[in-house]
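Peer 1: structural data only, the sequence is not supplied:
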């Protein structure tokens with residue numbers, strides 16, 4: 001073999017060796033699971049009323065779980081319900097997630113009422129612990145029913161069909177039957193029914209019972225929910241649930257995934273400072289106090305210009321309160337009544353109404369506080385104890401203002417001509433008719449009908465311009 005032939009034969013061997021070396025380096029550099037590594041899941045707690053803080057926390061943690069490559073997300077639920085906008089944000093995040101979401105109502109005694117029921121239907125797997133319940137998903141109108149009567153629940157599809165058959169059998173016109181509730185109530189209920197039925201059909205769960213939960217406010221305990229195909233599993237704790245769902249196939253947005261939960265490690269996430277701050281500000285009781293601090297702070301700054309601190313604190317508190325009220329369901333008539341009540345209480349200090357303005361202010365303040373957040377959504381109302389405390393504090397303020405006014409009315413005059421009549425003068429010199437006297441370190445012209453001596457203590461009888469009429473003071 002010639003030298004050129006040997007070189008040509010050696011070239012492929014060198015290229016193959018070089019490629020093998022590169023592949024080996026890439027395999028060393030690429031991340032690979034250790035033999036003893038375990039799959040990881042994320043546990044996100046959803047407790048209390050569902051609001052903007054809960055929604056923001058859940059959406060961020062779900063996105064972080066997907067980015068970290070978590071195998072599944074467990075949503076531990078214990079909620080009485082919450083705001084619809086926050087609930088829909090959470091459901092949109094679940095429907096668009098690329099990781100399975102397991103909803104688990106736990107521990108025993110917990111519930112997934114109202115908005116929690118929608119979350120259960122939206123999740124890829126729904127489970128409950130014993131002695132838990134879900135349901136009561138009827139939407140509640142803010143401000144209550146517009147009419148004086150209690151709204152009648154709209155009939156379900158099956159009940160409506162049966163009723164229609166009976167009416168036709170009796171020869172009655174079906175179109176003449178009165179529709180239950182107001183137009184706004186029917187729109188809200190029908191929208192919620194369509195929404196939860198769509199979720200039920202997507203996950204293959206009982207859509208008829210879901211409609212009953214919305215129209216009639218129906219509820220179910222855990223075992224009955226499993227029998228009615230509302231949930232998928234009943235498990236006493238998380239380890240039992242993970243064993244039960246191992247090998248289950250769930251459908252994500254674009255693919256199907258087989259759950260492998262044997263030996264999976266769940267990492268529970270805790271609320272961060274942002275979520276805690278948002279929960280604090282949007283708490284109805286805190287928002288109520290921030291509003292009062294803002295109103296009183298600005299009033300104090302207006303009465304004492306230049307004090308700065310009340311104005312700064314009041315402005316910040318009022319802005320935070322307005323932000324919270326933008327998030328919460330506020331009755332602005334109640335807000336106006338509270339502002340009117342505070343202004344009337346303050347006006348009592350300047351107008352001699354002998355408590356009339358202040359009493360009206362207390363009444364307006366209390367009524368406005370009661371109807372400020374008149375939502376029936378659990379967890380989004382002001383505690384009556386706080387309202388009673390603030391009303392009592394306002395009454396004490398009114399009593400103090402009235403008592404100060406009465407004492408000021410009885411207090412002797414200390415300025416002007418009337419105030420001079422209660423003062424004493426000292427003769428600077430001896431005089432029989434006219435002379436000089438000293439009052440509060442000032443020299444005044446004085447007249448008298450009785451001769452006085454220098455240094456004698458005199459009583460002021462009359463003030464005539466810049467001249468005082470005096471007489472010797474008695475013992």
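Peer 2: Now that the structure is in, tell me what you want to look at. Keep in mind the model is a prediction, meaning the values are calculated, not measured.
Peer 1: follow the chain on from the helix or strand bottoming out on mean pLDDT in the chain and name the next helix or strand.
Peer 2: Least confident helix or strand of the chain, by mean pLDDT, DSSP states H and E, is helix 157-169 with a mean of 45. Under the assignment DSSP states H and E, the closest C-terminal helix or strand after helix 157-169 is helix 183-203.
Peer 1: buried sites along that following helix?
Peer 2: For helix 183-203, a neighbour-count test (16 or more other Cβ atoms under 10 Å) marks 185, 188-189, 192-193, 195-197, 199-200, 203 as buried. From N, CA and C alone the C-beta is placed, and that goes for glycine too.
Peer 1: could you dump those to a markdown table with distance to residue 315?
Peer 2: Formatted as a markdown table, those follow (distance: Cβ to Cβ, whole Å):
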| residue | distance to residue 315 |
| --- | --- |
| 185 | 40 |
| 188 | 37 |
| 189 | 42 |
| 192 | 40 |
| 193 | 45 |
| 195 | 41 |
| 196 | 43 |
| 197 | 48 |
| 199 | 44 |
| 200 | 49 |
| 203 | 49 |
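Peer 1: in stretch 125-141, what counts as buried?
Peer 2: 125-129, 132-141.
Peer 1: name the helices or strands packed onto the helix or strand hosting residue 291?
Peer 2: For residue 291, the element it lies in under DSSP H and E is helix 284-303. Applying 3 or more Cβ pairs under 8 Å, 6 or more residues apart in numbering; DSSP states H and E, one finds that helix 284-303 makes contact with helix 273-281, helix 309-327, helix 332-347, helix 384-410.
Peer 1: now do the shortest one against helix 309-327, angle only.
Peer 2: Taking axes from the mean of the first three to the mean of the last three Cα atoms, to 10 degrees, helix 273-281 and helix 309-327 form an angle of 90 degrees between their directions.
Peer 1: helix 273-281 packs against which elements?
Peer 2: helix 52-67, helix 284-303, helix 309-327.
Peer 1: in contact with the nearest residue to residue 59 once chain neighbours are set aside, which residues?
Peer 2: Distance criterion Cβ to Cβ, 6 or more residues apart in numbering; nearest residue to residue 59, sequence neighbours excluded, is residue 93 at 4.7 Å. With contact set as Cβ atoms under 8 Å, 6 or more residues apart in numbering, residue 93 has these partners: 58-59, 62-63.
Peer 1: got the residues you listed as JSON lines, with pLDDT columns?
Peer 2: What follows is those, written out as JSON lines (pLDDT from 0 to 100):
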{"residue": "58", "pLDDT": "93"}
{"residue": "59", "pLDDT": "92"}
{"residue": "62", "pLDDT": "94"}
{"residue": "63", "pLDDT": "93"}
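Peer 1: neighbour-wise, which of those residues leads?
Peer 2: residue 58 (25 neighbours; other Cβ atoms under 10 Å).
Peer 1: ok, now how distant is the closest residue to it other than its chain neighbours from residue 361?
Peer 2: Closest residue to residue 58 apart from its sequence neighbours, by Cβ to Cβ, 6+ apart: residue 90 at 5.2 Å. According to Cβ to Cβ, to the nearest Å, residue 90 and residue 361 sit 42 Å apart.
Peer 1: same thing with residue 48?
Peer 2: In terms of Cβ to Cβ, residue 48 sits 34 Å off from residue 361.
Peer 1: these two: who's more crowded?
Peer 2: residue 361 (24 against 15).
Peer 1: residue 337 is in contact with the more buried one, correct?
Peer 2: No - the pair residue 361 / residue 337 is not scored as a contact, 10.0 Å apart, by Cβ atoms under 8 Å.
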